[in-house]
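*Asks:* fold the following, please.
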Amino acid sequence: MTTIEAGFAEVAERHRRELHVHCYCMLASFDAAEDAVQETFLRAWRGREGFARPGADGNVRAWLYKIATNVCLDQLRRESRRPAVSTTEVSWLQPYPDRLLDEIAPIAEEPETAAVNRETIELTFVIALQLLPPRQRAALIARDVLGWSASETAEALETSVAAANSALQRARATLKANLPERRTDWRAREIGAEERELLERFIDAHERCDAAAVVAVAAEDLRITMPPYPWLYDGVDAIAPLLDRAFGPEREGDWRLLPTSLNRMPAAASYLRRPGDAEFRAFKFDVLRVRDGRIAEITTFGPALFAACGLPETLALTP
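*Replies:* All right, here's what the predicted structure looks like:
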């Protein structure tokens, strides 16, 4: 491997995680983002000779982001995936483990690299992004998430500054109409003590199969969605069948839950032990959005990302 190739590989790898998060915001899928990053590195490798240009080092990050953005746009075009028209239509949505988000931190050589905060990764925001046409989505992420200038955004999208600004304005208007009116519902902040306490109560209620205790921590207008399924449960009364199936006398088995966090939100990793089984097996994630001291929304995902969260696939029975 030449010096140029080795240097390119080192710098590119340094940006892998933040590029993955960028692609995730564009695509709302952890797996699709992984494919997009691989394609980004492949395209960058083909153009690696430019890496040796005088003064190129300082532009590598922006160059990689430009490639990644266009990879995502190409991927969306190939899939003919139209923007969602409602939040329940984001069937491709996957969560993002916080332990991987924590890999992104400022480094001395590139202080503009910043840790991912809650405002730009929370599920509410990621879902709202999917309501935007792809180029509007890319323009908004470039300006409002990455902090790029209008000219940098236009260059990345290979368009004019006026067109990039127009896309940004339309994107902001759509987000304003679809995000919570109170920005405190999705502001950048750490998971707080109140949320941790509600998560503990949620876990305890599940392990005791106590439906009443689950209802006690839920808001009256609790909303539950389960991507990739188009199911929507709106209101506490609507979840009665779910509670009976999970905790009633005909339930599938017993539960054990572990606390975790996804998309900078409190989450519970659920393990189910079916009758006759000697182990609890990975079953699902419940990601919680808390409002006014109650659980306002639960987004339920399958167990595919347990390993990415650093969680075991099975839990043994306690003596």
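*Asks:* for the lengthiest helix in the chain, packing partners?
*Replies:* In the chain, with assignment by DSSP state H, the single longest helix is helix 60-79. Under the contact criterion of 3 or more CB pairs under 8 Å, 6 or more residues apart in numbering; DSSP states H and E, helix 60-79 touches helix 3-14, helix 16-27, helix 30-46, helix 134-140, helix 150-157. No exception for glycine: its C-beta is placed from N, CA and C like everyone else's.
*Asks:* and the last one with helix 60-79, angle?
*Replies:* Direction vectors for helix 150-157 and helix 60-79, defined by axes from the mean of the first three to the mean of the last three CA atoms, to 10 degrees, enclose an angle of 50 degrees.
*Asks:* put the alpha carbons of helix 150-157 into PDB.
*Replies:* The C-alpha trace of helix 150-157 is given here as PDB (Å, rounded to 0.1, in the frame of the first residue of the first chain):
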ATOM      1  CA  ALA A 150     -25.300  28.000   1.800                       C
ATOM      2  CA  SER A 151     -22.400  27.700  -0.700                       C
ATOM      3  CA  GLU A 152     -21.100  24.500   0.900                       C
ATOM      4  CA  THR A 153     -24.500  23.000   0.700                       C
ATOM      5  CA  ALA A 154     -25.000  24.000  -2.900                       C
ATOM      6  CA  GLU A 155     -21.600  22.500  -3.800                       C
ATOM      7  CA  ALA A 156     -22.500  19.200  -2.100                       C
ATOM      8  CA  LEU A 157     -25.900  19.000  -3.900                       C
END
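*Asks:* show residues contacting it.
*Replies:* Helix 150-157 is touched from outside by 62, 65-66, 69-70, 135, 138-139, 142-143, 148, 160-161, 163-165, 167-168, with contacts defined as CB atoms under 8 Å, 6 or more residues apart in numbering.
*Asks:* in this protein, which strand is the longest?
*Replies:* Criterion DSSP state E: the longest strand present in the chain is strand 279-291.
*Asks:* partners of it in the sheet?
*Replies:* The partner list of strand 279-291 in its sheet, established with DSSP bridges, is strand 265-273 (antiparallel), strand 294-301 (antiparallel), strand 314-316 (antiparallel).
*Asks:* returning to what we had before: quick one: buried residues of the longest helix of the chain?
*Replies:* For helix 60-79, a neighbour-count test (16 or more other CB atoms under 10 Å) marks 60-61, 63-73, 75-76 as buried.
*Asks:* tell me the two of those residues that are most distant?
*Replies:* Among the buried residues of helix 60-79, the pair separated by the greatest distance (CB to CB) is 60 and 76, at 24.8 Å.
*Asks:* for residue 201, give me its contacts.
*Replies:* Residues near residue 201 by CB under 8 Å, 6+ apart: 213, 216-217.
*Asks:* if I look at it, how far off is residue 296?
*Replies:* Using CB to CB, to the nearest Å, we find residue 201 at a distance of 15 Å from residue 296.
*Asks:* what's the answer for residue 102, then?
*Replies:* Using CB to CB, residue 102 is found at 25 Å from residue 296.
*Asks:* so which of those two has more stuff around it?
*Replies:* Ranked by neighbour count (other CB atoms under 10 Å), residue 102 and residue 296 place residue 296 first, with 18 against 12.
*Asks:* OK, contacts around residue 302?
*Replies:* Counting by CB under 8 Å, 6+ apart, residue 302 makes contact with 284-285.
*Asks:* where does the stretch 1-150 of the chain dip in pLDDT?
*Replies:* By pLDDT under 70, the weakly predicted segments of the stretch 1-150 of the chain are 1-7, 49-58, 80-88, 105-115.
*Asks:* got the domain ranges for the chain?
*Replies:* As assigned by automatic domain parsing, the chain contains the domains 3-185, 193-316.
*Asks:* first to last residue in the last one, what's the distance?
*Replies:* Read that as domain 193-316. Using CA to CA, to the nearest Å, one end of domain 193-316 lies 29 Å from the other.
*Asks:* so for it, mean pLDDT?
*Replies:* Across domain 193-316, pLDDT averages out at 95.
*Asks:* quick one: residue 242 and residue 160, what's the gap?
*Replies:* 50 Å.
*Asks:* give me the phi and psi for residue 122.
*Replies:* The phi/psi pair for residue 122 (degrees, to the nearest 10) reads phi -60, psi 150.
*Asks:* I meant residue 159, not that one.
*Replies:* Per degrees, to the nearest 10, the backbone of residue 159 is at phi -140, psi -180.
*Asks:* residue 219 now?
*Replies:* phi -70, psi 150.
*Asks:* roughly how far does it sit from residue 311?
*Replies:* Using CB to CB, residue 219 is found at 27 Å from residue 311.
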